[in-house]
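A.B. asks: 3D model of this:
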Amino acid sequence: MTEQVDVLIIGSGPSGSTYARTIGDAVPTARILMVEAGPVIPGIRGDHTQNMTDEERAAAQLLTQGPDEGLERAQALSDIAEGLDPSLEFRHTILPGLFFLDPRPALEDGEVGLPAASMASGVGGMGIHWGISCPRPSQSERTPFIPTAELDAALDHAEQLLGVRKWDVPGTGLAEAIRAAQAEEFDGPGLTPVGFMPAAYRWEDGRLRFSGTGMILGDIEETVPGFELRAQTLAKRVIVEDGVAVGAALEDRVSGETYEVRAHHVVVCADGLRTPQVLFASGVRPPALAHYLNEHFQVSAFGALTDDFAPERFDNDPEHVGYVIVPFSDERPMQGGILPLMNSPYRLAVAGQEGAERLTVFAWYGAKDIQYCDRIEFSETETDFYGMPKMTIHYSRTEKDLQTIEQLKQNARRSADRVGGLAAEPELAAGGSSLHYHGTVRMGAVDDGTSVCDQHLKVWGVDNLYVGGNGVIPTATATNPTLTIVALAWRAANQIALQLNERVGTAATAAR
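C.D. replies: As a prediction, the model looks like this:
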């Protein structure tokens, strides 16, 4: 017999998990199947790797490296594209638990590519590796066709799902001293004021714990008996009949068996690169699919605090990460971050080094000039490691982008000069390093060929087919996207839940 569910969710990361949790809370009798191409990670389902022991985290990272599963870091680094610096920062932010799309891309004239474009494959998706920063989008970063009150309510709910902690201004201790200095440098008319980075973590028994995908899913197995998370299961294509998504063809990656699951609603949350890949493989190819690809630029440098900001001079709150943020504004389309490593929630290999208590990261992120020509090209004949259409990224920079990059470097110097000095000149991270790939299944207000889905993430022209993840963001942003994509998935999931309840009510009426 063909398996039948109410909702089939492809991808187990933050967006897919938000769909599952929201629909399950609203319709506890729903049959929800979530499939994940990667393996189960030992330990608490969906837990962040930073909550694990060093040994557990290393094992989890090796499991989620897709085609590089089991490869030690030194082996994986041996194939990094020429010109990419396998520095400590690069290793920590790109390599562990991730795998490269193509570290040696063949570039056409004028292209710079995204040679560091990376993905994760395992239960929890990128939600077990992410950096926990949760700023709200500002000004033109916000989706203009979603009413302000509606988007704010969704962002409020996303903060609850992720367990986001926020700090008022003014703060205390060293964090406030750095914030005040940055505010003197960067605040001004029309600019969002300097503050503290909201972050998704909590303290348990004196130990800091990161929010992972498991934080979103919660106790869904107990409250929704019909929920199932099926790992090592690849979605080969969505089945579309007469303009309606009715299920998907799935592959058991252990046995190699291919089978179909029928569903009343299909949701694709594979990530910003693989979600359009699944749609392409399914024959769902609206004109904007995989176009308007963009990620924000990332410029960073290490520095040290001056004597005026020596940590020992301040009475510091041990539970405050103290990450200072210079938010995005239309007049300054970039976001700055200043984080003393002694306050970093990540366990970095700097403890014990001379001057470690004053080491600080100055990181700035800039919005990309969005272009239709920046895109993913899918092959009709060649396939990737998973047997899906092979991807080739076409990506270039405009004159506006070059100006943004230069301003990012200048602002990194300015932010460092206010509280200390740089150890080296700010450098632009390799394309793809941010891991935030937007626009490939972008939202739109109307179906005019420039978007893939509507404001509730339903794919244009195909009933009962929804998407999620970074790829749905239609605007140029510098802000970290996780809070936004969880908010957007929550809005979309509520629409599906409403339809499920209406269907159940209709069936009950007919039965009477």
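
A.B. asks: for the nearest residue to V238 once chain neighbours are set aside, give me its contacts.
C.D. replies: Of all residues beyond its chain neighbours, the one nearest V238 is S282 (4.0 Å), with distances taken as C-beta to C-beta, 6 or more residues apart in numbering. Where you see a C-beta, it was placed from the backbone N, CA and C, and this is true even at glycine. With C-beta atoms under 8 Å, 6 or more residues apart in numbering as the criterion, the residues that contact S282 are 237-240.

A.B. asks: export those residues to TSV and tack on secondary structure and pLDDT?
C.D. replies: Formatted as TSV, the contacts of S282 follow (DSSP: H, G, I helix; E, B strand; the rest coil; pLDDT from 0 to 100):
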residue	secondary structure	pLDDT
R237	strand	98
V238	strand	98
I239	strand	98
V240	strand	98
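
A.B. asks: of these, which is the most crowded?
C.D. replies: V238 (26 neighbours; other C-beta atoms under 10 Å).

A.B. asks: thinking again about what came up before, as CSV, the contacts of S282 with distance to D156 would be great.
C.D. replies: CSV is the format used below for those (distance: C-beta to C-beta, whole Å):
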residue, distance to D156
R237, 36
V238, 32
I239, 36
V240, 35
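
A.B. asks: so the closest residue to V35 other than its chain neighbours bridges to which residues?
C.D. replies: In space, V35 comes closest to T233 once its chain neighbours are excluded; the distance is 4.1 Å by C-beta to C-beta, 6+ apart. The residues listed as beta-bridge partners of T233 by DSSP bridges are D252.

A.B. asks: returning to what we had before: nearest to R442 among the contacts of S282?
C.D. replies: Ranking those by separation from R442, with C-beta to C-beta as the measure, puts V238 on top at 18.4 Å.

A.B. asks: now that closest one: how far from V467?
C.D. replies: To V467, V238 is 10 Å away according to C-beta to C-beta, to the nearest Å.

A.B. asks: what do the two both touch?
C.D. replies: Common contacts of V238 and V467, defined by C-beta under 8 Å, 6+ apart, comprise 268, 279.

A.B. asks: quick one: secondary structure of K390?
C.D. replies: Secondary structure for K390, judged by DSSP: H, G, I helix; E, B strand; the rest coil, is strand.

A.B. asks: actually W490, not the one I typed
C.D. replies: Here W490 is helix, with the state taken from three-state DSSP.

A.B. asks: and stretch 135-147, which residues are buried?
C.D. replies: Along stretch 135-147, these residues count as buried under the neighbour rule (16 or more other C-beta atoms under 10 Å): 135-138, 141-143, 146.

A.B. asks: then it to PDB, C-alphas only?
C.D. replies: Written as PDB, here are the backbone C-alpha positions of stretch 135-147 (Å, rounded to 0.1, in the frame of the first residue of the first chain):
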ATOM      1  CA  PRO A 135      19.000  40.000  15.100                       C
ATOM      2  CA  ARG A 136      15.700  41.300  13.600                       C
ATOM      3  CA  PRO A 137      15.700  42.500  10.000                       C
ATOM      4  CA  SER A 138      15.700  46.300   9.800                       C
ATOM      5  CA  GLN A 139      14.200  48.800   7.300                       C
ATOM      6  CA  SER A 140      14.600  47.500   3.700                       C
ATOM      7  CA  GLU A 141      15.700  44.100   4.900                       C
ATOM      8  CA  ARG A 142      12.100  43.400   5.900                       C
ATOM      9  CA  THR A 143       9.800  41.900   3.400                       C
ATOM     10  CA  PRO A 144       7.800  44.900   2.200                       C
ATOM     11  CA  PHE A 145       4.600  43.100   1.300                       C
ATOM     12  CA  ILE A 146       4.100  41.500   4.700                       C
ATOM     13  CA  PRO A 147       2.200  43.900   6.900                       C
END
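
A.B. asks: returning to what we had before: for the residue nearest to V35, give its distance to G11.
C.D. replies: When C-beta to C-beta is applied, the distance between T233 and G11 equals 11 Å.

A.B. asks: V5: what's it in contact with?
C.D. replies: Residues in contact with V5, defined by C-beta under 8 Å, 6+ apart, are 31-33, 226, 261-264.

A.B. asks: just the residues you listed now: which is nearest E382?
C.D. replies: Closest to E382, out of all of these and judged by C-beta to C-beta, is V261, at 27.1 Å.

A.B. asks: in its sheet, what does the helix or strand containing that closest one sit against?
C.D. replies: Counting by DSSP states H and E, the secondary-structure element that holds V261 is strand 258-268. Based on DSSP bridges, the strands next to strand 258-268 in the sheet, each with its direction, are strand 3-10 (parallel), strand 244-252 (antiparallel), strand 465-467 (parallel).

A.B. asks: please identify the most buried of those.
C.D. replies: Each of those was scored by mean neighbour count; the highest is strand 465-467, a mean of 27, by mean count of other C-beta atoms under 10 Å.
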